[in-house]
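Colleague: got a sequence here, can you model it:
(one chain, ligands or ions: 1)
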Amino acid sequence: MPERIAVFGTGYLGATHAAGMAELGHEVIGVDIDSAKIDLLRRGEVPFYEPGLGDVLRRHVDSGRLRFTTDAREAAEFADVFFIGVGTPQKEGEYAADMRYVDDVIETVGPLLTRPAVILGKSTVPVGTAARLAERLREIAPVGADAQLGWNPEFLREGFAVEDTLRPDRLVIGVDPENPGRIEEVARSVYAAMLERNTPFIVTDLATSELVKVSANAFLATKISFINAIAEVCEASGADVTALADAIGYDERIGRKFLGAGLGFGGGCLPKDIRAFMARAGELGVDQALTFLREVDNVNMRRRKHVVELATRVVGGSLSGIHVAVLGAAFKPQSDDVRDSPALDVAGSLHLRGADVRVYDPEAMRNAAAVWPTLTFAQSIEEACAGADLVLVATEWAQFRSIDPAALAATVGQPRIIDGRNCLVAQDWIDAGWEYYGMGRHSG
Ligand code: UGA
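Modeller: Down below sits the predicted model:
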């Protein structure tokens with residue numbers, strides 16, 4: 001049965017979830033306080049780059065199954081099921097997550113609930129948040145205990161957001177065991193199409209559901225930093241981290257995914273989530289349990305420094321006046337997101353050390369220019385690389401992987417390349433006359 005759904009927050013998570021729920025057959029209203037974003041979405045335009053999202057969005061805006069508003073009252077009158085998909089960024093100057101946007105949704109929507117409603121939180125939050133919000137909701141909702149809150153963490157990856165929303169590898173629903181209400185029943189109705197396909201459906205308590213999400217991201221971050229730590233040892237010992245990752249990845253218990261050594265992780269999730277997790281563990285008196293995440297963070301941040309130092313070394317000791325072409329600004333391919341992007345961070349550091357940095361990214365240049373207006377942005381790979389003393393591949397876009405090394409050699413000043421994502425076929429570049437430097441490889 002189609003549900004009437006409101007999704008609060010229309011960023012990478014909320015906009016995708018709203019469109020995904022419409023695709024599943026539900027009637028959906030997306031809500032945001034940012035009227036410029038809502039205007040775009042109403043016209044069927046996605047305010048960020050996410051492959052495939054535009055098609056789904058337009059289809060359902062046109063069919064009338066998906067609407068957008070800045071008016072929470074309109075959403076409250078319309079919907080029976082509410083999702084929270086607003087951001088929980090890192091607080092300024094500390095590790096903890098900033099909960100103000102999540103809290104604002106409850107404070108705004110709670111007093112408007114005059115008939116039974118189920119609210120499912122999707123945002124990544126510190127453990128304990130859902131129980132606090134559930135209690136607050138009961139206090140402020142006119143309908144009282146018939147306003148029920150559960151947690152339904154989201155595991156979508158940017159770049160694959162539509163696919164991950166429509167075909168998740170698992171669904172997790174957190175409910176208060178003392179007061180389960182209708183949450184599981186409503187979640188089963190919303191996700192009926194996925195349950196028919198036997199998607200694993202895990203119903204657990206609120207705290208566990210919150211911890212599932214941060215633990216998953218902490219594990220992924222740890223896996224990346226593990227291989228990057230080994231890359232450091234490879235660099236010092238003349239070993240090759242890519243061959244090593246292939247070899248250990250064949251062990252099913254280890255697995256090859258997320259063993260890509262390079263510039264390390266960035267984005268709006270992994271870095272801030274591990275920090276918020278450490279902060280919360282501290283509050284709970286178990287900070288020692290997560291001390292290792294500090295090292296995960298340190299290894300990760302060292303990769304950026306390593307690449308800047310490598311760049312300095314390969315151009316002869318000083319970056320002053322050196323033309324460096326940086327290919328990539330997004331934190332990963334298939335995204336225009338530059339939040340905590342290793343690529344942009346390194347481009348900025350090279351610039352601050354006096355290099356003449358020219359950045360090209362297929363999708364992220366507008367966002368990158370907003371963060372680093374003093375960098376030079378080129379309109380193509382060729383324009384960024386013309387006359388360059390050094391080329392740095394910082395995001396593994398397919399477009400960069402398919403560059404013809406011989407053709408690019410004719411454009412640059414010096415055929416030197418740092419493969420910051422180990423995404424190029426080294427031998428092809430060496431054969432075309434390039435000095436090639438990988439990450440955690442002999443030459444790096
Ligand atoms: C991550 C998780 O993968 C999602 O499951 C989760 O839902 C999401 O955070 C979130 O919390 O919202 P995402 O931030 O889109 O998703 O990006 P990932 O694909 O996880 O990549 C994160 C970073 O790790 C990127 O900078 C990527 O370049 C880097 N990475 C990834 C590596 O350096 N090496 C690898 O082998 C894999």
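
Colleague: do the helix ranked longest in the chain and the ligand meet at all?
Modeller: When the chain is parsed with DSSP state H, its longest helix is helix 206-237. Yes. Helix 206-237 is in contact with the ligand by C-beta under 6 Å from any ligand atom, via 217, 220, 224. Quick note: C-beta positions are derived from backbone N, CA and C, even for glycine.

Colleague: in which helix or strand would I find residue 307?
Modeller: Per DSSP states H and E, residue 307 falls inside helix 291-314.

Colleague: so what strands line up beside the helix or strand following that helix?
Modeller: Downstream of helix 291-314, the next assigned helix or strand under DSSP H and E is strand 323-327. Sheet pairing here is set by DSSP bridges, and for strand 323-327 it gives strand 356-360 (parallel), strand 390-393 (parallel).

Colleague: nearest to the ligand, of these?
Modeller: Taking C-beta to the nearest ligand atom, strand 390-393 is the member of the strands paired with strand 323-327 nearest to the ligand, at 12.2 Å.

Colleague: mean confidence (pLDDT) on the closest one, please.
Modeller: For strand 390-393, mean pLDDT is 98.

Colleague: off-centre distance for that strand?
Modeller: From the chain centre to the centre of strand 390-393 is a distance of 24 Å (C-alpha atoms, centre = their mean, to the nearest Å).

Colleague: so the residue in the chain that the ligand sits nearest to, which state does it fall into?
Modeller: Closest residue of the chain to the ligand, C-beta to the nearest ligand atom: residue 260 (2.8 Å). Residue 260 falls in the coil class when you classify it by DSSP: H, G, I helix; E, B strand; the rest coil.

Colleague: what of the one 5 residues further on?
Modeller: At residue 265 the chain is in coil, as set by three-state DSSP.

Colleague: return the residues in contact with it.
Modeller: By C-beta atoms under 8 Å, 6 or more residues apart in numbering, the contact list for residue 265 reads 220-221, 224-225, 271, 300, 331, 342.

Colleague: same list, those residues, but as JSON lines with distance to residue 277 and pLDDT please.
Modeller: Below are these laid out as JSON lines (distance: C-beta to C-beta, whole Å; pLDDT from 0 to 100):
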{"residue": "220", "distance to residue 277": "12", "pLDDT": "98"}
{"residue": "221", "distance to residue 277": "9", "pLDDT": "98"}
{"residue": "224", "distance to residue 277": "15", "pLDDT": "98"}
{"residue": "225", "distance to residue 277": "14", "pLDDT": "98"}
{"residue": "271", "distance to residue 277": "11", "pLDDT": "97"}
{"residue": "300", "distance to residue 277": "14", "pLDDT": "98"}
{"residue": "331", "distance to residue 277": "19", "pLDDT": "98"}
{"residue": "342", "distance to residue 277": "20", "pLDDT": "98"}
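
Colleague: still on that earlier bit, give me the neighbour count for the residue of the chain closest to the ligand.
Modeller: 21 (other C-beta atoms under 10 Å).

Colleague: pretty sure it contacts residue 226?
Modeller: No. Using C-beta atoms under 8 Å, residue 260 makes no contact with residue 226, being 11.5 Å away.

Colleague: on that earlier part again, what's the longest helix of the chain packed up against?
Modeller: helix 129-140, strand 147-151, strand 171-175, helix 241-249, helix 270-283, helix 291-314 (3 or more C-beta pairs under 8 Å, 6 or more residues apart in numbering; DSSP states H and E).

Colleague: tell me the most buried of those?
Modeller: Stretch with highest mean neighbour count among the helices and strands packed on helix 206-237: strand 147-151 (a mean of 27; mean count of other C-beta atoms under 10 Å).

Colleague: so how many other residues sit close to the nearest residue to residue 50 once chain neighbours are set aside?
Modeller: Leaving aside its chain neighbours, residue 50 sits nearest to residue 161 (5.2 Å; criterion: C-beta to C-beta, 6 or more residues apart in numbering). The local packing of residue 161 (other C-beta under 10 Å) involves 25 other residues.
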